[in-house]
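Visitor: After the sequence you'll find the predicted model.
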Amino acid sequence: MGAGNMNKQLDKTFDPAAIEAKWYAHWEENGCFRPARPDAEPFTVVNPPPNVTGSLHIGHALDNTLQDVVIRYERLRGKDALWVVGTDHAGIATQMVVERQMELAQDKRTNYTREQFVEKVWEWKHESGGQITRQLRRLGCSMDWSREQFTMDPHFTRAVTKVFVDLYNRGLIYRDKRLVNWDPKLKTAISDLEVETREVPGHMWHFKYPLEGGQTYRYVERDADGNVVLEEERDYISIATTRPETMLGDGAVAVHPDDERYRPIVGKLCEIPVGPKEHRRLIPIITDEYPDPHFGSGAVKITGAHDENDFGVAQRNGIPMYRLMDESAAMRSDGAPYAQAAERALAIARGEAVDAAEIDALNLVPDEFRGLDRYEARKLVVAQIDAEGLMIEVEDKVIAQPFGDRGGVVIEPMLMDQWYVNAAELAKAPIEAVRSGAVEIVPKAWEKTFFNWMENIQPWCVSRQLWWGHRIPAWFDAAGNIFVAETAEEAQALAGEGVALTRDPDVLDTWFSSALWPFATLGWPDENAPLLKRHYPNSLLISGFDILFFWDARMMMMGQAMTGQNPWPRLYLHGLVRAPDGQKMSKSKGNVVDPLGLIDRYGADALRFFMAAMESQGRDIKMDERRVEGYRNFATKLWNATRFCQANGIGASQSLPAPAATSAVNKWIVGEVVETLRLLEQAMAELRFDAAANAIYHFVWDTFCDWYLELVKPVFASESVRPEPVEGSDSDAAHTSTSSARAAVQETREVAGWVLDQILVMLHPFMPFITEELWHAQGQRPYELIVASWPQPQASVDAEAKAEVEWVIGLTSAIRTAKNELGIAPGARLEAFLPAPSQATRGIIERNPGAIERLARLNGIRFEPAPAGAAMQIGAGDANIVIPLEGIIDIAAEKARLAKALETSEKEAKSLEGRLSNPAFVERAKPEAVEKARADHTHHAAEAERLRAALARLG
């Protein structure tokens with residue numbers, strides 16, 4: 001369809017809501033997100049699967065916008081672009097949602113069998129689990145919904161099971177009794193990465209542990225120079241704890257081997273000062289490198305079953321680890337009476353042999369504490385010790401407390417049998433991949449964090465005590481032997497016919513299954529699956545830095561372990577979206593921003609452009625609704641520019657290469673497209689989303705709308721006022737002039753139509769909805785913009801045309817600035833003089849009289865000296881243009897006004913400079929106060945510079 005053939009006249013007002021739903025449904029229904037391109041180069045991105053329980057938050061909006069920018073860009077470049085989409089079954093979160101619904105109905109999970117409850121979860125998923133996928137559509141995400149994935153789908157479950165069995169058979173998954181983070185509310189283990197450490201008010205209790213049988217020793221304390229500062233006879237060793245209830249499970253007291261204060265009592269026994277006096281437990285005093293002699297008393301109680309550091313000490317020294325609490329973090333109520341258990345523990349402390357099973361079975365909680373909540377038990381323990389006179393002091397102290405990020409309660413370290421992945425072994429290949437450059441992390445600064453975590457990685461606990469999730473494919477016989485297999489039948493074959501087997505009730509950590517996302521979504525373990533062969537490894541992963549270890553690193557581990565390949569060659573890590581004041585968004589602070597609300601107010605395109613424009617590598621984004629509104633205004637400006645084009649007969653271009661151009665302004669705008677395209681492609685290659693958005697923004701707003709369309713308005717104006725030849729005129733000359741004008745109009749229509757098409761294509765990855773609407777409004781198209789071709793101008797920058805147009809733009813800008821500085825009305829027409837111009841400058845002026853008069857608001861430029869009197873000087877290229885000011889402004893009054901304003905701005909700038917050069921202010925003031933002072937200083941310094949320039953113009 002040729003230029004000028006309109007398909008639809010645009011409405012006067014741009015309404016985002018009216019076009020967004022229409023175009024998304026059209027794209028999806030017509031298969032535009034995955035056009036058939038069997039011979040094209042594949043490009044693959046997998047979407048970090050959001051929780052099936054989730055709703056779109058501002059972090060999702062950023063992450064998915066960046067992915068969509070890339071996938072739309074590569075699709076426009078002709079690639080077989082696949083954006084894999086799906087949701088995660090979210091074991092803990094989903095089970096919590098369903099259990100809450102049951103509670104509202106006065107029902108509970110334990111009223112059902114496991115199979116019945118899982119069926120209820122599936123029912124919930126089918127009824128309510130698609131909310132976030134609908135919201136991703138509102139954002140404009142061009143995902144391949146025809147293959148939407150779910151981590152509990154049968155093919156995915158098969159992949160998860162195979163990975164577990166394979167890794168177990170290779171010795172990379174094993175079962176072990178270790179300390180885990182136990183969430184007493186959810187009643188499951190959670191990973192270190194799912195623990196939030198918060199600083200809360202607490203206490204540090206200092207207690208005396210009496211030595212066995214009233215023994216004493218000489219306690220000597222010295223200063224740094226070796227001088228004795230305290231010497232006394234003691235019958236106890238002092239320890240400090242923030243969790244007194246865990247004293248009941250102490251297995252030893254440890255001191256540093258070089259700590260001379262305690263050398264006389266190392267190897268002796270001391271008494272835990274709580275519980276029935278006749279059954280007080282005795283524990284050994286041992287040496288270990290862990291205690292710090294300079295912190296507190298230098299003696300540390302060792303409760304290996306309830307503290308991570310103590311666990312290490314107990315393991316190294318063969319100290320028994322006594323479990324005190326049940327799954328609700330209440331004190332244990334099982335087992336033999338306390339008197340019997342304490343007697344056995346004393347025998348163990350004196351050296352009797354014992355196995356791990358007996359230690360785990362021993363309940364050393366005194367009878368009166370059994371069944372109590374851990375905090376109720378804490379109060380009783382403290383009260384008993386205090387009543388006996390064995391409490392030395394209590395300190396008020398801010399303590400770092402671990403909370404579960406889902407359950408929201410204090411985590412209890414617990415000694416349990418769980419399944420672990422040998423993460424240290426799996427981490428080796430990813431470490432080498434990043435170190436060798438086979439996987440590039442962008443920004444590179446994140447590599448240090450990656451190496452630090454991966455090189456010090458701990459065993460990964462992958463079992464969870466839930467009903468919803470991938471059940472661990474392991475079975476136990478009566479003797480506790482383990483049989484791991486993909487099916488119950490295979491497990492039975494391993495165990496032997498007739499051997500009764502019980503399946504492990506636990507499920508796998510959700511992150512275990514999502515670590516398989518790059519290849520299990522494409523048909524693995526079928527190595528001949530067409531999608532797997534074509535789209536694995538993926539091309540790129542875009543992820544928030546906050547899930548680098550939850551997900552990204554684990555995908556690298558699993559990719560290498562199961563396929564022998566890295567899941568992608570490039571990993572882009574973006575920052576967080578923070579509140580306007582820089583704080584992290586949280587519901588408790590009330591500063592969470594709803595992206596759907598922003599879409600309702602400003603449209604998805606505006607929100608997307610904000611996300612891309614603000615995404616600067618290595619930095620977080622501060623939410624700024626005014627900027628989102630500004631990008632809606634940007635869309636409106638493009639809308640109105642297209643309406644101008646329609647009104648002047650400018651329609652869809654027929655040409656992929658740039659049309660031929662003869663006028664300087666048309667040559668110039670073609671060159672600007674070429675330059676913008678270069679900047680945009682370079683930015684996208686480097687994953688600099690802000691630079692890419694900035695390039696197209698300034699081209700659209702400044703170059704095309706503010707300058708090009710203004711510069712070509714006289715061309716179209718000449719068409720509407722073209723005079724008829726008059727009697728006696730030179731008809732040939734008139735005919736030539738008319739033909740020339742018509743040719744100029746036609747050329748400008750073709751160039752402007754082509755440029756607008758290039759804008760719509762280049763802007764489409766960032767603002768897909770408005771660009772698709774304008775694409776079709778400009779004329780009949782054989783295809784949608786989403787599957788159009790990326791610009792191929794086949795042109796270059798014309799240096800002469802560029803210099804000419806930029807001279808006119810520079811002159812116009814300089815005059816506008818000068819008018820603003822001197823208080824002259826913007827629309828005031830001024831006289832201008834340029835004696836003895838250079839040949840080049842004279843040619844520019846003579847070729848562009850209409851533009852100069854119209855844009856610079858000059859009554860032409862005369863090539864003669866200016867009349868005597870006050871005037872201002874305007875520089876443009878090699879020209880110094882004189883503009884008389886007599887009768888325009890009161891020169892003396894204007895000088896006085898400018899001088900007074902300059903004095904004020906210089907004074908403010910100097911004062912602020914003094915504050916900012918004071919380290920005390922910069923270091924101690926609130927960050928927002930320092931930031932405001934810097935912004936104010938920049939403003940006043942710039943204002944002073946502007947005022948000095950204005951005074952200089954007046955001479």
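Guide: Thanks, I have it.

Visitor: rest of the way, CA atoms for contacts and neighbours
Guide: Will do.

Visitor: Which helix runs longest in this structure?
Guide: Longest helix in the chain, counting residues (DSSP state H): helix 731-763.

Visitor: How far off centre is that helix?
Guide: 46 Å (Cα atoms, centre = their mean, to the nearest Å).

Visitor: quick one: average confidence on the helix or strand following it?
Guide: Following helix 731-763 in sequence order, the next helix or strand is helix 768-777 (DSSP states H and E). Averaging the model's pLDDT scores along helix 768-777 yields 98.

Visitor: tell me which residues in the helix or strand that helix 768-777 is followed by are buried?
Guide: Of the helices and strands lying after helix 768-777 in sequence (DSSP H and E), the nearest is helix 799-822. Buried residues in helix 799-822, counted by 16 or more other Cα atoms under 10 Å: 801-802, 804-812, 814-819, 821-822.

Visitor: again, but for stretch 621-638
Guide: Within stretch 621-638, the residues that count as buried by 16+ other Cα under 10 Å are 621-623, 627-629, 631-632, 634-638.

Visitor: Would you mind confirming that T216 makes contact with P210?
Guide: No - the criterion here is Cα atoms under 8 Å, and T216 misses it with P210 at 9.2 Å.

Visitor: where does the chain dip in pLDDT?
Guide: 1-7, 720-737, 955 (pLDDT under 70).

Visitor: Geometric centre of it: which residue is closest?
Guide: G544 (3.3 Å; Cα atoms, centre = their mean).

Visitor: Test my guess that that one contacts L573.
Guide: Yes - between G544 and L573 there is a contact under Cα under 8 Å: 5.3 Å.

Visitor: G869 against I888, yeah?
Guide: No - G869 is not in contact with I888 according to Cα under 8 Å; the separation is 11.7 Å.

Visitor: and these two? which has more neighbours close in?
Guide: Shown here are G869 and I888; by other Cα atoms under 10 Å, I888 has more neighbours (14 against 8).

Visitor: Not counting sequence-adjacent ones, nearest residue to that one?
Guide: Using Cα to Cα, 6 or more residues apart in numbering and skipping the chain neighbours, the partner closest in space to I888 is I824 (7.6 Å).

Visitor: Next, the one you found: phi, psi?
Guide: With angles defined as degrees, to the nearest 10, I824 sits at phi -90, psi 140.

Visitor: swap in the one 5 residues further on?
Guide: R829 adopts backbone torsions of phi -90, psi 130, taken as degrees, to the nearest 10.

Visitor: Wait, it touches R857, no?
Guide: Yes - when contacts are counted by Cα under 8 Å, R829 is listed as touching R857 (4.9 Å).

Visitor: Of these two, give the one with the bigger neighbour count.
Guide: Remark: of R829 and R857, R857 carries more neighbours, 18 against 15, as counted by other Cα under 10 Å.

Visitor: measure that one to I815 for me?
Guide: 9 Å (Cα to Cα, to the nearest Å).

Visitor: Correct me if wrong: H574 contacts L548.
Guide: No - counting by Cα under 8 Å, H574 stays clear of L548, with 10.3 Å between them.

Visitor: Neighbour count: those two, which is higher?
Guide: Set H574 next to L548 and count neighbours by other Cα under 10 Å: H574 wins out with 24 against 18.

Visitor: all helices of the stretch 351-500 of the chain, in order?
Guide: Ranges of helices in the stretch 351-500 of the chain, per DSSP state H, counting those that start in this stretch, are 356-361, 374-387, 423-426, 428-436, 446-455, 488-495.

Visitor: what does the stretch 101-250 of the chain give?
Guide: Here the stretch 101-250 of the chain has its helices, by DSSP H, counting those that start in this stretch, at 114-128, 131-139, 154-169.

Visitor: could those be laid out in a markdown table, adding distance to L186 and mean neighbour count?
Guide: A markdown table is the format used below for these (distance: least, Cα to Cα, whole Å; neighbours: other Cα atoms under 10 Å):
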| stretch | distance to L186 | mean neighbour count |
| --- | --- | --- |
| helix 114-128 | 16 | 14 |
| helix 131-139 | 24 | 18 |
| helix 154-169 | 24 | 19 |
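
Visitor: Which of those sits closest to A925?
Guide: Ranking these by distance to A925, with Cα to Cα as the measure, places helix 131-139 first at 39.6 Å.

Visitor: Run through the neighbouring helices and strands of the closest one.
Guide: Judged by 3 or more Cα pairs under 8 Å, 6 or more residues apart in numbering; DSSP states H and E, helix 131-139 is in contact with helix 16-29, helix 58-76, helix 604-614.

Visitor: Comparing these, which stretch has the densest surroundings?
Guide: helix 604-614 (a mean of 26; mean count of other Cα atoms under 10 Å).

Visitor: what's in contact with it?
Guide: Contacts to helix 604-614, defined as Cα atoms under 8 Å, 6 or more residues apart in numbering, come from residues 16, 20, 61-62, 65-66, 138-140, 595, 598-599, 621, 627-632, 635, 689-694, 766-770.

Visitor: how close does F863 sit to R742?
Guide: The gap separating F863 from R742 is 30 Å, by Cα to Cα.

Visitor: Those two: which is more packed in?
Guide: R742 (17 against 14).

Visitor: Name the SS class of the nearest residue to that one once chain neighbours are set aside, please.
Guide: Using Cα to Cα, 6+ apart and skipping residues adjacent in sequence, the residue nearest R742 is E719, 7.3 Å away. Assigned with DSSP: H, G, I helix; E, B strand; the rest coil, E719 falls in the helix class.

Visitor: so how many other residues sit close to E719?
Guide: The number of residues near E719, taken as other Cα under 10 Å, comes to 15.

Visitor: Pretty sure it sits against S740.
Guide: No - if you go by Cα under 8 Å, E719 and S740 don't touch, sitting 10.9 Å apart.

Visitor: residue boundaries of the helices in the stretch 851-955 of the chain?
Guide: 891-916, 919-924, 927-954.

Visitor: Kindly export the second one (C-alpha atoms) in PDB.
Guide: The C-alpha trace of helix 919-924 is given here as PDB (Å, rounded to 0.1, in the frame of the first residue of the first chain):
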ATOM      1  CA  PRO A 919      32.800  15.800  55.800                       C
ATOM      2  CA  ALA A 920      30.800  16.000  58.900                       C
ATOM      3  CA  PHE A 921      27.700  17.000  56.900                       C
ATOM      4  CA  VAL A 922      28.200  14.500  54.200                       C
ATOM      5  CA  GLU A 923      28.800  11.600  56.600                       C
ATOM      6  CA  ARG A 924      26.300  12.300  59.300                       C
END
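
Visitor: Report all helices and strands that it contacts.
Guide: Against helix 919-924 (3+ Cα pairs under 8 Å, 6+ apart) you get helix 891-916.

Visitor: Recalculate using a threshold of 6 Å.
Guide: Helices and strands touching helix 919-924, as assessed by 3 or more Cα pairs under 6 Å, 6 or more residues apart in numbering; DSSP states H and E, are absent.

Visitor: can you pull the buried residues of that helix?
Guide: Here helix 919-924 shows V922 as buried, counting by 16+ other Cα under 10 Å.

Visitor: And the last one, by the same measure?
Guide: Judged by neighbour count using 16+ other Cα under 10 Å, the buried positions of helix 927-954 are 930, 933-934, 936-937, 940-941, 943-944, 946-948, 950-951, 953-954.

Visitor: V797: which of these is nearest?
Guide: R946 (33.1 Å).

Visitor: out of everything not next to it in sequence, what's closest to that closest one?
Guide: Nearest non-adjacent residue to R946 (Cα to Cα, 6+ apart): E821, at 7.4 Å.
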